[in-house]
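A.B. asks: Sequence plus predicted model, see below.
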Amino acid sequence: MSEVKVRKGESVEKALRRLKKKMDKEGIMREIRSHRHYEKPSEKRRRKQARARLRALKG
(Lines give C-alpha, C1' and ligand atoms only; values in the text may rest on other atoms or scores of the structure.)
Protein backbone atom coordinates (compact mmCIF):
# COMPACT_ATOMS: atom_id res chain seq x y z
CA MET A 1 0.00 0.00 0.00
CA SER A 2 1.49 3.30 -1.09
CA GLU A 3 1.38 6.19 1.28
CA VAL A 4 2.40 9.81 0.92
CA LYS A 5 2.24 12.23 3.82
CA VAL A 6 1.50 15.87 3.07
CA ARG A 7 4.49 17.92 4.15
CA LYS A 8 4.14 21.11 6.10
CA GLY A 9 3.31 23.95 3.72
CA GLU A 10 2.85 21.59 0.76
CA SER A 11 -0.23 21.83 -1.41
CA VAL A 12 -2.54 18.84 -1.77
CA GLU A 13 -2.04 18.91 -5.53
CA LYS A 14 1.71 18.49 -5.12
CA ALA A 15 1.25 15.61 -2.67
CA LEU A 16 -1.20 13.96 -5.07
CA ARG A 17 1.34 14.32 -7.88
CA ARG A 18 3.96 12.59 -5.66
CA LEU A 19 1.49 9.79 -4.90
CA LYS A 20 0.72 9.24 -8.59
CA LYS A 21 4.44 9.17 -9.40
CA LYS A 22 5.09 6.66 -6.62
CA MET A 23 2.21 4.42 -7.74
CA ASP A 24 3.46 4.55 -11.33
CA LYS A 25 6.96 3.57 -10.23
CA GLU A 26 5.61 0.63 -8.21
CA GLY A 27 3.38 -0.51 -11.10
CA ILE A 28 0.16 -0.41 -9.08
CA MET A 29 -2.01 1.19 -11.77
CA ARG A 30 -0.74 -1.25 -14.41
CA GLU A 31 -1.70 -4.14 -12.14
CA ILE A 32 -5.15 -2.70 -11.45
CA ARG A 33 -5.80 -2.27 -15.18
CA SER A 34 -4.73 -5.85 -15.84
CA HIS A 35 -7.29 -7.10 -13.31
CA ARG A 36 -10.22 -5.22 -14.87
CA HIS A 37 -11.14 -8.15 -17.09
CA TYR A 38 -10.41 -11.85 -16.82
CA GLU A 39 -7.71 -12.98 -19.20
CA LYS A 40 -7.41 -16.64 -20.07
CA PRO A 41 -4.00 -18.24 -19.38
CA SER A 42 -3.55 -18.89 -23.11
CA GLU A 43 -4.11 -15.18 -23.83
CA LYS A 44 -1.55 -14.24 -21.18
CA ARG A 45 0.97 -16.62 -22.74
CA ARG A 46 0.31 -15.26 -26.23
CA ARG A 47 0.73 -11.65 -25.03
CA LYS A 48 3.92 -12.54 -23.15
CA GLN A 49 5.39 -14.25 -26.24
CA ALA A 50 4.51 -11.28 -28.45
CA ARG A 51 6.23 -8.93 -26.00
CA ALA A 52 9.33 -11.15 -26.02
CA ARG A 53 9.40 -11.11 -29.83
CA LEU A 54 9.26 -7.31 -29.87
CA ARG A 55 12.12 -7.08 -27.37
CA ALA A 56 14.19 -9.49 -29.46
CA LEU A 57 13.67 -7.35 -32.56
CA LYS A 58 14.60 -4.12 -30.74
CA GLY A 59 17.74 -5.39 -29.05
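C.D. replies: The structure has been received and is ready for your questions. Here the structure is a predicted model, which means the values were calculated and not measured. Numbers count the residues shown, from 1 in each chain.
A.B. asks: quick one: least confident helix or strand in this structure?
C.D. replies: Each helix and strand of the chain was given a mean pLDDT (mean pLDDT, DSSP states H and E); the minimum falls on helix 28-34 at a mean of 89.
A.B. asks: starting at the chain centroid, how far to the helix ranked longest in the chain?
C.D. replies: Ranked by residue count under DSSP state H, the longest helix found in the chain is helix 41-58. Here the centre of helix 41-58 is set off from its chain's centre by 18 Å, with C-alpha atoms, centre = their mean, to the nearest Å.
A.B. asks: And the contacts of it?
C.D. replies: Identification of contacts with helix 41-58 by C-beta atoms under 8 Å, 6 or more residues apart in numbering yields Glu39. For glycine as for every other residue, the C-beta is placed from the backbone atoms N, C-alpha and C.
A.B. asks: any idea of the mean pLDDT for that helix?
C.D. replies: Regarding helix 41-58, the rounded mean pLDDT is 92.
A.B. asks: three-state assignment of Glu13?
C.D. replies: helix (DSSP: H, G, I helix; E, B strand; the rest coil).
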